[in-house]
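# Just need the structure, nothing else, for what follows:
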Amino acid sequence: MKQFFFTFSAIILVIFLVAFLFRVQSSNTVNGQPVTVPELEAYADECANQVASEFADKYQITSYGQDFWKSTYHGEQPIQALYEQAVVSLIRHHVIEEAAVSLNLIEKHSFKEEQQEWKQTGSNVSLGQYLAAQEAQLSDRIKKAWLQETPPNKQQLANAFDRLEDKYKQTDYEVSAIEIPGFKGTLAELQKIAQKIPPKLDASAAESWWQQQLPRQMVTLLSLKSSEFQKDDLYRQAAGAFLSGQKTGTVVAGDQKQQFFYIVQVKGGQLLTVEEAPKLAENQYINDLFEERIAEGQEKAKVSLSKKIAASFRTSYQNKN
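Predicted structure coming up:
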């Protein structure tokens with residue numbers, strides 16, 4: 001009888017432990033998949049610069065310092081904002097992966113398996129960067145599959161094309177313009193001068209002519225080609241986008257005080273139509289469809305994260321950074 005009692009007690013204990021461990025594990029899940037602190041940290045690493053930048057802009061922070069993630073600014077904690085953003089990124093990753101699994105593009109991967117795959121690559125990129133790259137590649141495959149499943153009709157293509165910003169519809173352009181910075185007079189005065197310019201002057205000759213008209217004023221010839229812009233040359237990109245929409249032979253005011261431009265010549269820069277660029281419309285359509293479905297999946301996701309894992313994340317991330 002005593003032996004039966006001990007055996008029965010042992011069985012009860014095992015059942016209790018299994019139930020307890022299952023409860024602990026299932027208390028930190030996204031759509032039933034376990035979530036761990038290291039996983040949250042991987043996504044946090046990719047969100048850290050964005051969160052820090054937002055706090056810097058909001059609270060005029062000029063130097064982060066070693067204790068940035070331990071600090072509080074007017075009641076707001078960067079580490080809490082980082083945790084929340086990491087959770088959003090993690091949920092999105094799970095939803096995208098589930099979409100790929102439903103399309104039979106991949107098999108379901110656990111975070112440990114993703115970690116192992118990352119290590120096997122031997123790459124210098126961080127785990128967060130690796131996961132972001134994998135997610136981008138998977139997103140492209142999903143879009144391709146969904147596009148085949150639900151191709152757009154003409155009206156959907158037209159609507160998608162209308163949502164595109166003009167800068168994406170614009171053809172390559174070349175602009176020649178005379179910049180007149182720091183001019184003390186008015187736009188009307190420059191427009192009067194422009195009416196006297198000899199016809200058919202090339203850009204170089206036009207620069208010389210304007211310099212003669214304004215001997216005490218520095219003038220500069222700008223030659224802007226959209227196909228030659230560097231990604232980080234934001235000034236030339238902005239100037240080109242503005243000037244390419246102006247008429248040849250006119251003088252326009254710039255966005256800086258006392259800055260003016262005489263437009264020598266504009267080539268290209270027309271806006272394409274949906275008939276001329278159906279691929280642009282198709283890309284916009286599937287990008288919109290993808291974001292709509294993923295956002296819906298994120299809203300419907302069953303997320304169960306305890307206060308304990310949030311606290312553990314904060315402590316761990318603060319200690320590492």
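# Run through the strands of the stretch 1-150 of the chain in chain order.
For the stretch 1-150 of the chain, the strands defined by DSSP state E, counting those that start in this stretch occupy 29-30, 33-34.
# Mean neighbour count, those: which tops it?
For the strands of the stretch 1-150 of the chain, the largest average neighbour count (mean count of other CB atoms under 10 Å) is found in strand 29-30, namely a mean of 18. Yep, even glycine has a C-beta here, placed from its N, CA and C like the rest.
# So which residues make contact with that strand?
Strand 29-30 is contacted by residues 35, 90-91, 94, 301-305 when judged by CB atoms under 8 Å, 6 or more residues apart in numbering.
# Columns pLDDT and neighbour count on top of these, output as a markdown table?
Listed next are those as a markdown table, based on pLDDT from 0 to 100; neighbours: other CB atoms under 10 Å:
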| residue | pLDDT | neighbour count |
| --- | --- | --- |
| 35 | 96 | 23 |
| 90 | 97 | 23 |
| 91 | 97 | 22 |
| 94 | 96 | 21 |
| 301 | 96 | 15 |
| 302 | 95 | 10 |
| 303 | 95 | 14 |
| 304 | 95 | 13 |
| 305 | 95 | 18 |
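# can you list the residues you listed in CSV and add distance to residue 321?
Shown next, in CSV, are the contacts of strand 29-30 (distance: CB to CB, whole Å):
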residue, distance to residue 321
35, 20
90, 18
91, 23
94, 25
301, 28
302, 30
303, 25
304, 27
305, 21
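# Which one of those residues is nearest to residue 44?
residue 90 (9.3 Å; CB to CB).
# May I ask you to confirm that the closest one is in contact with residue 43?
Yes: counting by CB atoms under 8 Å, residue 43 is a contact partner of residue 90 at 5.0 Å.
# returning to what we had before: closest one to residue 120 among the strands of the stretch 1-150 of the chain?
strand 33-34 (21.6 Å).
# what packs against that closest one?
Judged by 3 or more CB pairs under 8 Å, 6 or more residues apart in numbering; DSSP states H and E, strand 33-34 is in contact with no other helix or strand.
# Just checking the distance from it to the centre of its chain.
Chain-centre distance of strand 33-34: 27 Å, with CA atoms, centre = their mean, to the nearest Å.
# With stretch 267-274 instead?
On CA atoms, centre = their mean, the centre of stretch 267-274 falls 26 Å from the chain's centre.
# and the residue nearest to residue 191 when sequence neighbours are not counted, how many residues sit next to it?
Nearest residue to residue 191, sequence neighbours excluded (CB to CB, 6 or more residues apart in numbering): residue 251, at 5.0 Å. By the criterion of other CB atoms under 10 Å, residue 251 has 22 neighbours.
# dump the residue contacts of residue 251.
So residue 251 contacts 187, 190-191, 194, 260-263 (CB under 8 Å, 6+ apart).
# go on, residue 304?
Counted by CB under 8 Å, 6+ apart, residue 304 has contacts 26-30.
# What does the spatially closest residue to residue 204 that is not a sequence neighbour show for phi and psi?
The shortest distance from residue 204 to any residue other than its chain neighbours is 6.8 Å, reached at residue 221 (CB to CB, 6+ apart). The phi/psi pair for residue 221 (degrees, to the nearest 10) reads phi -80, psi 130.
# Among the contacts of strand 29-30, which one lies nearest to residue 138?
residue 94 (11.7 Å).
# Distance of the closest one relative to residue 300?
Separation of residue 94 from residue 300 (CB to CB, to the nearest Å): 12 Å.
# Repeat that for residue 171.
The value you get for residue 171 to residue 300, if CB to CB is used, is 42 Å.
# Quick check on those two: which one has the bigger neighbour count.
With neighbours defined as other CB under 10 Å, residue 171 and residue 300 compare such that residue 171 has more, 14 against 9.
# Next one: the more buried one from residue 269, what distance?
6 Å.
# and if you look at residue 75?
49 Å.
# which one of these two has more residues nearby?
Neighbour tally, residue 75 and residue 269, criterion other CB under 10 Å: the higher count belongs to residue 269, 18 against 5.
# Would you list the phi and psi of that one?
According to degrees, to the nearest 10, residue 269 has phi 80, psi 10.
# Give me the pLDDT for residue 135.
As predicted, residue 135 sits at a pLDDT of 96.
# Hmm, I typed the wrong one, I wanted residue 127.
Per-residue pLDDT puts residue 127 at 94.
# Surely it and residue 43 touch.
No: counting by CB under 8 Å, residue 43 is not a contact partner of residue 127; they are 9.4 Å apart.
# what about these two, which has more around it?
Higher neighbour count among residue 127 and residue 43: residue 43, with 24 against 19, using other CB under 10 Å.
# check contacts around the more buried one.
With contact set as CB under 8 Å, 6+ apart, residue 43 has these partners: 85-87, 89-90, 93, 128, 131.
# Double-check that residue 210 belongs to a strand.
No: read with DSSP: H, G, I helix; E, B strand; the rest coil, residue 210 is helix and lies in no strand.
# Would you mind measuring from it to residue 306?
Relative to residue 306, and taking CB to CB, residue 210 is found at 70 Å.
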